[in-house]
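Undergrad: Fold the following, please.
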Amino acid sequence: MDQQVGEKQLRYKAIQRVTVVGVVVNLVLAVSKTTIGFLAQSQSLVADGIHSLSDLLSDALVFFAARHAHHGPDEAHPYGHGRFETAGTLGLGLLLALVAIGITWDAVERLFSPDALLHPKPIALYAAAFSIVANEWLYHYTARVARRIKSDLLQANAWHHRSDALSSIVVLVGVAGTMAGLPYLDAIAAIGVGLMIARIGWDLSWPAFQELVDEGLDEDRLDRIREIIGQIGGVQDIHMLRTRRIGGEATVDVHILVEPWLSVSEGHMIGQTVIDRLLEEVYEVMDVTVHIDPEDDEIAIPCKGLPLRAAAEKLLDQQWADIPGANRRQRVVLHYLEGQIDVDVYFPLSELEESEADQSFQQALDEQARLLPEFRSVRVFYG
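TA: Predicted coordinates:
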């Protein structure tokens, strides 16, 4: 647990460091492109500047989400705070979608109003070129750290920076075309920027939304989980495998089928081995719940409603009241299988009689127990 907390702290510091760099770069770009766009009369550069301004807001969103997501589990959040990162990614995607709508709407209005079209000056070209270089560098820097710490939120922000670089390329082409005598190109470039931003907003929002509604891991990861569990000794089969993504991590819930006559401790040991192997070999997995099943409860007759130990032994006592020696048993083991109870009864070795008498004694216990619908068989052991 301490190791997991330490890793989360390092992860948070890495996100914090990248975010600070992003804030500085985006602040410079937002101010320079918006200011130069107004002065140079380039609608597409102004739109690009607003895009960079949205980056500043997204960086703040990333910082806030990462600050909460790095905390370990607590009483109110038993699975940790990874969903803060997911919620931040969804918020970032929706923010981009709103920015895209605003930019596109304004550009379309100008296209239908020729008098409103702008005529950019050469300095807009230099601003767009500088933006391309700065955002492409910021993309590679952010994406590299995101891959290292496996952060979907940081990866989302990296693609946001890449969108800025791509949109600045469109601005560069639009401004150059307008200066060459094609006055509509700057407005068309602004629409192109808006559509690109909208696409990235969708690409971020949809996966985050799916995670918030508990989408599981993809089929390749599920196959890997099945393969790992199937290699563990004592596991006969698995069923009801469920996963749930939380930030860059995942939880696993699985039922494993074991030999029905195993001891509780051996079944627990097999289950613990499943947990340890999945935590070690599947990097996304941060929590595993294993259900130990003596039979496949998807197809087996349910044992719901059968009496638990106290009630079951009371029923057996009533059935065995007239059988001599039945009350001298040492312990009873109950096996709940196929909708009935199999009973193992243990007696002291001193109670062992001749073979024929012993068979008669076991038969009497078995017959009396099976008069009740809850019981299927009785076996007698001495020791």
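Undergrad: surely L257 meets I232?
TA: No: the criterion here is C-beta atoms under 8 Å, and L257 misses it with I232 at 11.9 Å. Every residue, glycine included, has its C-beta placed from N, CA and C.
Undergrad: More neighbours: these two, which one.
TA: L257 (19 against 16; other C-beta atoms under 10 Å).
Undergrad: show me what contacts that one?
TA: L257 is in contact with 235-239, 293-296, counting by C-beta atoms under 8 Å, 6 or more residues apart in numbering.
Undergrad: Let's see that with 6 Å instead.
TA: Neighbour list for L257: 236-237, 293, 296 [criterion: C-beta atoms under 6 Å, 6 or more residues apart in numbering].
Undergrad: again, but for V274
TA: 229, 232, 290.
Undergrad: related to what we said a few turns ago, now, the contacts of L257 that are in strands?
TA: Mapping the contacts of L257 onto strands (DSSP state E) picks out 237, 293.
Undergrad: so can I have JSON lines of the contacts of L257 showing distance to V99 and pLDDT?
TA: As requested, the contacts of L257 are exported to JSON lines (distance: C-beta to C-beta, whole Å; pLDDT from 0 to 100):
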{"residue": "Q236", "distance to V99": "55", "pLDDT": "95"}
{"residue": "D237", "distance to V99": "51", "pLDDT": "94"}
{"residue": "D293", "distance to V99": "51", "pLDDT": "93"}
{"residue": "D296", "distance to V99": "52", "pLDDT": "85"}
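Undergrad: List just the nearest of the contacts of L257 to Q155.
TA: Using C-beta to C-beta, D237 comes nearest to Q155 of the contacts of L257, at 36.5 Å.
Undergrad: Pull the number of nearby residues for the closest one.
TA: By other C-beta under 10 Å, 12 other residues sit near D237.
Undergrad: Name the nearest residue to it, sequence neighbours excluded.
TA: Counting by C-beta to C-beta, 6 or more residues apart in numbering, D237 lies nearest to L257, which is 4.2 Å off, once chain neighbours are set aside.
Undergrad: per-domain residue ranges of the protein.
TA: 2-212, 219-293, 309-382 (automatic domain parsing).
Undergrad: Surely N135 is in a helix?
TA: Yes: checked against DSSP: H, G, I helix; E, B strand; the rest coil, N135 lies within a helix.
Undergrad: Filter the contacts of L257 down to the buried ones.
TA: D293 (16 or more other C-beta atoms under 10 Å).
Undergrad: Need the contacts of L257 in CSV (columns: distance to E281).
TA: Below are the contacts of L257 laid out as CSV (distance: C-beta to C-beta, whole Å):
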residue, distance to E281
Q236, 20
D237, 20
D293, 23
D296, 25
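Undergrad: quick check, nearest of the contacts of L257 to L316?
TA: Scanning the contacts of L257 for proximity to L316, where the rule is C-beta to C-beta, the winner is D293, at 25.2 Å.
Undergrad: Please name the residues that touch that closest one.
TA: 255, 257.
Undergrad: Kindly state the beta-bridge partners for it.
TA: Applying DSSP bridges to D293 gives these bridge partners: L257.
Undergrad: that older thread, do you know which of the domains of the chain lies nearest A300?
TA: The minimum distance between A300 and those falls on domain 309-382, with 6.0 Å, by C-beta to C-beta.
Undergrad: That closest one - what's its average pLDDT?
TA: Taken as a whole, domain 309-382 has a mean pLDDT of 91.
Undergrad: gap between the two ends of it?
TA: This stretch, domain 309-382, spans 21 Å end to end (C-alpha to C-alpha, to the nearest Å).
Undergrad: now that domain: how far from the chain's centre is it?
TA: For domain 309-382, the separation from the chain centroid amounts to 49 Å (computed by C-alpha atoms, centre = their mean, to the nearest Å).
Undergrad: quick one: the strands in the stretch 201-350 of the chain?
TA: For the stretch 201-350 of the chain, the strands defined by DSSP state E, counting those that start in this stretch occupy 237-246, 249-257, 285-293, 331-337, 340-347.
Undergrad: The shortest one pairs with which strands, and in what direction?
TA: Based on DSSP bridges, the pairing partners of strand 331-337 within the sheet are strand 340-347 (antiparallel).
Undergrad: what sits up against the partner strand?
TA: Outside strand 340-347, the residues touching it (C-beta under 6 Å, 6+ apart) are 329-335, 374-382.
Undergrad: got it, and stretch 322-336?
TA: With C-beta under 6 Å, 6+ apart, stretch 322-336 has contacts from 303, 312, 320, 341-342, 344-347, 364.
Undergrad: Just the buried ones among these, please.
TA: 303, 312, 320, 341-342, 345, 347, 364.
Undergrad: Spatially nearest residue to the spatially most central residue of the chain (excluding sequence neighbours)?
TA: Nearest to the mean C-alpha position of the chain, counting by C-alpha atoms, centre = their mean, stands R245 at 0.8 Å. Spatial nearest neighbour of R245, chain neighbours left out: E211 (4.8 Å); criterion: C-beta to C-beta, 6+ apart.
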